[in-house]
Each structure stands twice: as C-alpha cells, then as structure tokens.
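Student: have a look; sequence and predicted model below, questions after that.
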Amino acid sequence: MVNRQTASYLTKRFQQTGMRPLSRFGQNFLIDLNLVDLIADSADIDDRDLVLEIGTGTGSLTSRLAARAAHVITVEIDTNLAQLAQEELEDLPNVTMRLHDALKNKNNFDPELLENIREEFDKLPAKRRRFKLVANLPYNVATPIISNLLRCDPIPDVISVTIQKELADRIVAPPGTKDYSALSIWIQSVANASIVRTLPPGVFWPPPKVTSAIIRIDTDANLRARIDDIDFFHEKLRALYFHRRKFLRSVVLSAMKGELDKAQVDAVLEKLGFSGEIRAERLTVAQTIELVNELGTASAEAK
C-alpha cells in the first residue's frame, strides 16, 4: 500500500532519510490528492494502456496509474528518491522503474528507455493497445520531453501532464499572440491540446514560484498526415520561428540557407500566395505546414 503523499508525510520522510527536494531536478511534489487523481483521470487510462511516467517522485501518482493501466514504466533521475519510491512500489507487479535521465540530450530521448517502451508495448494486444505519457513533469525538462516524444516510436496517443502554466499557454496559443511559437505549431500540427486545470503553487511541496497547469494532448493521425516529412518539418519549424517577428522572406532565407537561393525562396512564397513582408508569427498552423512542405519539395528538386 503506497503512503498518501501529503505535506506532513513528505516532510517526515525526507527528514528520516536526510533528503531534501532538489531544485535542479525540478522536484515539487503534488500534495493535493484530488489533483493527483485528476491527472490520472484526465488520461482515461484502462487495461489497454502502457503508461510512461517521467519523475516518479515518491510513487504517489505511479500507484494510481498502476491500478488502472496494463503496465507503467516510471523514470526517476534522483538515486535517493528512486530508492524511496522503490520501497513504496515494490509490491506492484505491473510497474517497471528505471533510474536514469529520460533524455539523451535536449533533442533526443534515451535510446534504452525507448527500447524498453517498445518491448512493453509489443506485449499488449495489437488491436487494442495504447501508449500514454502521464506525469507530474519536472519543470526543467517538460518542453523537451513533450516535444521529442511526439517524434518517437511509438507515438503517444495521449499526453496528460502537469507543467508550468506559462508552457501550457504556449502550447495552446493561437497565431499572432505573444505565446504563439514553434512549440505551439509543432504540437498543434500533430495533436489537439487543451488545459484541464490551473494549479496554484500551494498544492505542491515545496511550493514552486510559478502557477502550474494540467494539460491534455491527444495526437491525431489525420493531422500528422498533412506533413510530408516529420523530421524536416520539426527542424525547419524551429529555424523559421527562431526570429518569429521578422518578415517571412527573411526567416525563410535564413532557414533554407545552403539549400535554396533567394529566387527559389521567392518562387515558393509566390506559389503559395504568401507575402514576404508578413511576419512568420502570423501564419496559421495549416499555412506553416503548407510552407514547410513546399520548401521540402523545392529543396529536393534543387539537389
């Protein structure tokens, strides 16, 4: 039986072990148990699901996921915290705990973790199986975790996570707003995202200095099918929005440097009916996909 992750329990447990929350690992523990349940509830987990949790903490959310899912892979980077969580989770047969960084680097997941995910995923009935990321994500790795997982195999069906409210706002931001960015377009190009609940600092221990949010992201194969080359799109998207307030012609020339010359870029913009003097941040998700697809075609023809 996993202990209830309350502020008093965590304070006592950390004092007993001589541990303290580490800010470099983004350790802020959700102590409102109703909200812990809400994270699990918002992912609609059942026995079809392989669930990945990044940031095991003390195992509070892990135990709730294990009660619903076919299997849970939970990842913790902090050795001391992993040992504490292992004591709580050792009687749960459908939980695999891994002690390491989930990311190889800021642009890639750890290959051993991905292999572990594929192995467990292949054990589930092919016609029913689903893969989900459900976690109280450490703030310092939330962006690369979400962004990179959407390029991995298997692709998650659902991502239901707690992140900074500022990041959640960026993910759901519409064109032309201050929060609209490459991340907004990348996620909205392959998925539907919505904010489930905003969380004040006081529901965490220790309380962070920012407001948080639970966000749900549902991937959509029909949306993804609009993109000709996922890797090319992901790469050029970041380049196009590195200076998102500059004029479109300028950012396209910079993004396609060494691949297309000025005349070729102008031909692409003219074909699409895009003025080179609009700003990149004004393009919708669909327009950005159309642009990058056309740049990819022009680049292939230029080789």
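Tutor: Done, it's in.
Student: buried residues in stretch 66-79?
Tutor: 66, 68-78 (16 or more other CB atoms under 10 Å). Bear in mind the C-beta positions are built from the backbone N, C-alpha and C, glycine included.
Student: then that stretch to PDB, C-alphas only?
Tutor: The C-alpha trace of stretch 66-79 is given here as PDB (Å, rounded to 0.1, in the frame of the first residue of the first chain):
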ATOM      1  CA  ALA A  66      -0.700   1.100 -11.900                       C
ATOM      2  CA  ALA A  67      -4.200   0.400 -10.600                       C
ATOM      3  CA  ARG A  68      -5.700   1.200 -14.000                       C
ATOM      4  CA  ALA A  69      -3.100   0.500 -16.700                       C
ATOM      5  CA  ALA A  70      -1.700  -2.700 -18.200                       C
ATOM      6  CA  HIS A  71       1.800  -1.600 -17.400                       C
ATOM      7  CA  VAL A  72       3.600   1.500 -16.100                       C
ATOM      8  CA  ILE A  73       7.200   2.500 -16.900                       C
ATOM      9  CA  THR A  74       8.300   5.100 -14.400                       C
ATOM     10  CA  VAL A  75      11.600   7.000 -14.700                       C
ATOM     11  CA  GLU A  76      13.400   8.800 -11.900                       C
ATOM     12  CA  ILE A  77      16.800  10.500 -12.100                       C
ATOM     13  CA  ASP A  78      17.400  11.100  -8.400                       C
ATOM     14  CA  THR A  79      19.100   8.000  -6.800                       C
END
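Student: for that stretch, the distance to its chain's centre please.
Tutor: Relative to the mean C-alpha coordinate of its chain, stretch 66-79 is positioned 17 Å out (CA atoms, centre = their mean, to the nearest Å).
Student: quick one: residues in contact with that stretch.
Tutor: 22, 25, 27, 40, 45-57, 59, 62, 65, 82, 85, 89, 92, 94-102, 113, 116-117, 120, 123-124, 129 (CB atoms under 8 Å, 6 or more residues apart in numbering).
Student: narrow those to those in helices?
Tutor: Those of those mapping onto helices are 40, 62, 65, 82, 85, 89, 113, 116-117, 120, per DSSP state H.
Student: closest to residue 294 out of these?
Tutor: Among the ones in helices among the contacts of stretch 66-79, residue 117 lies closest to residue 294 (CB to CB), at 34.1 Å.
Student: you'd agree that closest one is up against residue 131?
Tutor: Yes: counting by CB atoms under 8 Å, residue 131 is a contact partner of residue 117 at 7.2 Å.
Student: anything in contact with each of the two?
Tutor: With CB under 8 Å, 6+ apart, residue 117 and residue 131 have common neighbours 50, 52, 154.
Student: adding pLDDT and neighbour count, write these out as TSV.
Tutor: Below are the shared contacts of residue 117 and residue 131 laid out as TSV (pLDDT from 0 to 100; neighbours: other CB atoms under 10 Å):
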residue	pLDDT	neighbour count
50	98	25
52	98	27
154	95	15
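Student: got CSV for these, with distance to residue 191 too?
Tutor: Compiled in CSV, the shared contacts of residue 117 and residue 131 are given as follows (distance: CB to CB, whole Å):
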residue, distance to residue 191
50, 18
52, 16
154, 14
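Student: now, among those, which is nearest to residue 193?
Tutor: Nearest to residue 193 out of those is residue 52 (CB to CB; 17.9 Å).
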